[in-house]
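Chemist: quick one: sequence and predicted model below, then my questions.
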Amino acid sequence: MSVATQPGTAPSPAASHHHPALIALTVGAIGVVFGDIGTSPLYAFREALAQSAGDGIDASEILGVLSLALWTLTLVVTVKYVSFLMRADNQGEGGVLALTALARRALGMRSRIALLLGAAGAALFYGDAIITPALSVLSAVEGLRTIPGMQDVFHEGTIRFLTIVILVALFMIQRRGTASVSALFGPVCIFWFLVIGALGIWHIADEPSIFRVINPWYGIAFMRDHGVIGLFVLGAVFLTVTGAEALTADMGHFGPVPIRLAWFLLVFPALMLNYLGQGAFALNALEAAQAQGVVFKNADWFFLMAPDTLRPFLVILATLATIIASQAVITGAYSLTQQAIQLGLLPRLRIRNTSARHAGQIYLPAINWLLLAGVLLLVVQFKNSSAMAAAYGIAVTGTMLITTCLAYIVVRHSWHWSRARSALVVAPFLALDTIFFGANILRVIEGGWVPLVVAAFIGLMIYTWVRGRGIVRAFEQRQAIPLVDLAAALSKRPPERVEGTAVFLTANAESAPGALLHNLKHNKVLHSQNLIVTIRTRDRPTVSEDERIESRRIDDNFSVVVLHYGFMESPDIPAALGFGGATGLIANPMRTSFFIGRNTLKPTAEEGMPLWQDRIFMFLQRNASDPTDFLKIPPGKVLELGEQVTV
């Protein structure tokens, strides 16, 4: 699963009605949107079959698992995401936080439930972002052991070492950006899907009757006959659709038409053919084992489908495909974090643009290194992809369940569907997600605890930050003086005046900023021009330049300026104010000073949050990005003033 991955790798979706642009967008979508789900054949069928292998594997189990896999792909991706959820967009943007913003706007004052769902979905995504690179790359490198004569050379320790080297290199290059190589993502992934589709067709010829699994009865009969084991298998079958969230998350970059074209014309057929081929290959191997009187064992069916001479090339291609899938998830983590910061769920973090041409290509050092640490810990702890696969499903199914709940809010309150119609459409998807989530919960002990622990940690950070900021805001409001009252008082008893412009940044433009009051109290001066500037994040991805600035004049001393940004944009205060421009609000940057309130936090157990939570909030506050960096203010122009706040 990815969220808002690789922006700028293709032309604007707005141009998708032109054939060349549509082709370019479709190619770009194949490389970015479908990287994760496209590498699922490496391990999904193998792991699902392994769950039913306790007392041996027979033909009915192969057919039942395969039928469940194909129908999971069809119902979850084609029906739920492509046919329904891709219509629930926020001005072209999708993904869990885009849906959250849309749901909050629809609910108005009752938006707390939408915020809680969005925060939970974001928290679960970070678990997914750690597991995807570890599992996918490790699965690809494990293919080296299927090369004849290489079993003793590439033992488990060597496989782990090579995986770690690849992953460290991948995270190390993030700071340089991927603009120079992202153009290759689409062609490489197109070749990947063509290859896995061709492998499937080749082995379908071994057992043409494999097409009977299109009948869902094989899957239903499997679940009926296997009881609890069937639920474990269903949890593993869900691995076939990991990455489906990217279909909605990347709509803003490619548009729905290219994504749908890529899915129906290439990705869906290639995946179906490959899974059918793996099933036919396994059936053929079962018949051969029974004929020879030997025990049939589960195997790495994906790589074994390739001829011995071509297998090394398949391993290389699979490794490239998993690197691309990992890159999409890593970039998605950057984008999701940026959205969470803008929505006030996380503290400011340092954000760097990695491309001069594409503003959306960003890099967050803190997130990058935290992800790398988590990925390496998983590789070392779980040692192989089979052990790690148990940890994967919970994060993805949890996020999908939350997405479906948010979709209900959108169709009910934003599309204004009736309660009956909303329930009729959403309830089947909710039931499907709940079944898969329940099946994956059974695997908590095997490794499913990993995404839950990660999500709980991120959720605690979000909750602490939101609650702590609420306490600080409440304190500031208690100390606040209405700006119009201050302006009236100063007009009667004017202080000393100095030349230049003072920009006071505040969260509440109706009250006098604390930095302004401290400046008057301690310095006893007022600049000739004073701008009270506040930033408001809108419940939409972007805001046009025409809507960026909203200003009003209080009197000759003060003007209130409200800067509007979308939740996918990074604030740039000097640029928005026309810093140094002839038509901007600030004419002379040399005589401009920026004043920012910076309060000192004091922990206490008697009020506010518990003492342990105070410590977490203070840690987040201390390690937040400097506002001058986050808001792109020249550092030599900033003065910070504040007071002590008890949290």
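Modeler: Nice, thanks for sending it over.
Chemist: which other helices and strands contact the strand ranked longest in the chain?
Modeler: In the chain, taking DSSP state E as the definition, the longest strand is strand 525-537. If you count contacts as 3 or more Cβ pairs under 8 Å, 6 or more residues apart in numbering; DSSP states H and E, strand 525-537 packs onto strand 496-505, strand 558-565. C-beta here means a position set from N, CA and C on the backbone, and glycine is covered the same way.
Chemist: strand partners (parallel or antiparallel) of the shortest one?
Modeler: It refers to strand 558-565. Strands that pair with strand 558-565, judged by DSSP bridges, come out as strand 525-537 (parallel), strand 549-553 (antiparallel).
Chemist: now do the first one
Modeler: Strand 496-505 has these partner strands in its sheet, going by DSSP bridges: strand 525-537 (parallel), strand 592-597 (parallel).
Chemist: and among the strands paired with strand 558-565, the most buried is which?
Modeler: Among these, ranked by average contacts under mean count of other Cβ atoms under 10 Å, first place goes to strand 525-537 (a mean of 19).
Chemist: what residues of whichever strand or helix holds residue 227 count as buried?
Modeler: Taking DSSP states H and E as the criterion, residue 227 maps to helix 217-237. If you call a residue buried by 16 or more other Cβ atoms under 10 Å, then helix 217-237 has these buried ones: 218-219, 222-223, 226, 229-237.
Chemist: now pLDDT too, for the residues you listed, in JSON lines please.
Modeler: Below are the buried residues of helix 217-237 laid out as JSON lines (pLDDT from 0 to 100):
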{"residue": "218", "pLDDT": "94"}
{"residue": "219", "pLDDT": "93"}
{"residue": "222", "pLDDT": "93"}
{"residue": "223", "pLDDT": "93"}
{"residue": "226", "pLDDT": "87"}
{"residue": "229", "pLDDT": "89"}
{"residue": "230", "pLDDT": "89"}
{"residue": "231", "pLDDT": "89"}
{"residue": "232", "pLDDT": "89"}
{"residue": "233", "pLDDT": "91"}
{"residue": "234", "pLDDT": "90"}
{"residue": "235", "pLDDT": "88"}
{"residue": "236", "pLDDT": "89"}
{"residue": "237", "pLDDT": "92"}
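Chemist: and which of those is nearest residue 445?
Modeler: residue 232 (11.6 Å; Cβ to Cβ).
Chemist: residues touching the closest one, list them.
Modeler: Residues in contact with residue 232 (Cβ atoms under 8 Å, 6 or more residues apart in numbering) are 51, 439, 442-443.
Chemist: state the distance from it to residue 487.
Modeler: Between residue 232 and residue 487 the distance is 68 Å, computed by Cβ to Cβ, to the nearest Å.
Chemist: if we can go back for a sec, output the strands paired with strand 558-565 in a markdown table; the columns should cover mean pLDDT and distance to residue 379.
Modeler: Converted to a markdown table, the strands paired with strand 558-565 look like this (pLDDT from 0 to 100; distance: least, Cβ to Cβ, whole Å):
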| stretch | mean pLDDT | distance to residue 379 |
| --- | --- | --- |
| strand 525-537 | 89 | 37 |
| strand 549-553 | 88 | 49 |
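Chemist: just the strands in the protein please.
Modeler: Counting by DSSP E, the strands of the chain are 352-353, 362-363, 496-505, 525-537, 549-553, 558-565, 592-597, 600-602, 638-641, 644-646.
Chemist: returning to that earlier point: quick one: closest of the strands paired with strand 558-565 to residue 614.
Modeler: Using Cβ to Cβ, the strands paired with strand 558-565 put strand 525-537 closest to residue 614, at 26.2 Å.
Chemist: using PDB, write down the CA coordinates of that closest one.
Modeler: Provided in PDB are the C-alpha atoms of strand 525-537 (Å, rounded to 0.1, in the frame of the first residue of the first chain):
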ATOM      1  CA  VAL A 525       7.900  49.700  20.700                       C
ATOM      2  CA  LEU A 526       5.600  49.100  17.700                       C
ATOM      3  CA  HIS A 527       6.600  48.900  14.100                       C
ATOM      4  CA  SER A 528       5.200  51.200  11.500                       C
ATOM      5  CA  GLN A 529       3.500  48.300   9.800                       C
ATOM      6  CA  ASN A 530       2.200  45.200  11.700                       C
ATOM      7  CA  LEU A 531       0.800  42.100  10.000                       C
ATOM      8  CA  ILE A 532      -1.000  39.500  12.100                       C
ATOM      9  CA  VAL A 533      -0.500  36.400  10.000                       C
ATOM     10  CA  THR A 534      -2.200  33.000  10.600                       C
ATOM     11  CA  ILE A 535      -2.200  29.800   8.500                       C
ATOM     12  CA  ARG A 536      -5.300  27.800   7.900                       C
ATOM     13  CA  THR A 537      -5.200  24.300   6.400                       C
END
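Chemist: can you list the low-confidence ranges for the chain?
Modeler: 1-18, 92, 109-110, 178-181, 355-360, 579-587, 605, 642-647 (pLDDT under 70).
Chemist: domain parsing of it, as residue ranges.
Modeler: What automatic domain parsing lists as the domains of the chain is 13-90+133-338+349-385, 476-646.
Chemist: picking that back up, next, format the strands paired with strand 558-565 as JSON lines and append distance to residue 284.
Modeler: Formatted as JSON lines, the strands paired with strand 558-565 follow (distance: least, Cβ to Cβ, whole Å):
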{"stretch": "strand 525-537", "distance to residue 284": "57"}
{"stretch": "strand 549-553", "distance to residue 284": "68"}
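Chemist: nearest to residue 289, out of those strands?
Modeler: That would be strand 525-537 among the strands paired with strand 558-565, by Cβ to Cβ, at 60.6 Å.
Chemist: which residue ranges form the helices in the stretch 251-400 of the chain?
Modeler: Listed from the start of the chain, the stretch 251-400 of the chain has helices (DSSP state H, counting those that start in this stretch) covering 251-254, 256-262, 268-292, 301-304, 311-342, 365-382, 385-389, 392-409.
Chemist: quick one: buried residues of the longest one?
Modeler: Think helix 311-342. Under 16+ other Cβ under 10 Å, the buried positions of helix 311-342 are 311, 314-315, 317-342.
Chemist: for stretch 452-462, same thing?
Modeler: So, applying 16+ other Cβ under 10 Å, buried residues of stretch 452-462: 452, 454-455, 458-459, 461-462.
Chemist: so can I have TSV of the strands paired with strand 496-505 showing distance to residue 105?
Modeler: Output for those, formatted as TSV (distance: least, Cβ to Cβ, whole Å):
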stretch	distance to residue 105
strand 525-537	12
strand 592-597	28
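Chemist: of all those strands, which one is nearest residue 572?
Modeler: When these are compared for distance to residue 572 using Cβ to Cβ, the nearest one is strand 525-537, at 10.5 Å.
Chemist: which residues are contacting stretch 54-71?
Modeler: Outside stretch 54-71, the residues touching it (Cβ under 8 Å, 6+ apart) are 44-45, 48-49, 52, 210, 212-219, 221-223, 225-226, 229, 233-234, 237, 240, 272, 275-276, 278-279, 282-283, 286, 295-296, 298.
Chemist: can you rerun that using 6 Å?
Modeler: Residues from elsewhere that reach stretch 54-71 (Cβ atoms under 6 Å, 6 or more residues apart in numbering): 48-49, 52, 213, 216, 218-219, 222, 237, 240, 275, 279, 282-283, 296.
Chemist: buried sites along it?
Modeler: For stretch 54-71, burial by neighbour count (16+ other Cβ under 10 Å) applies to 57, 61-71.
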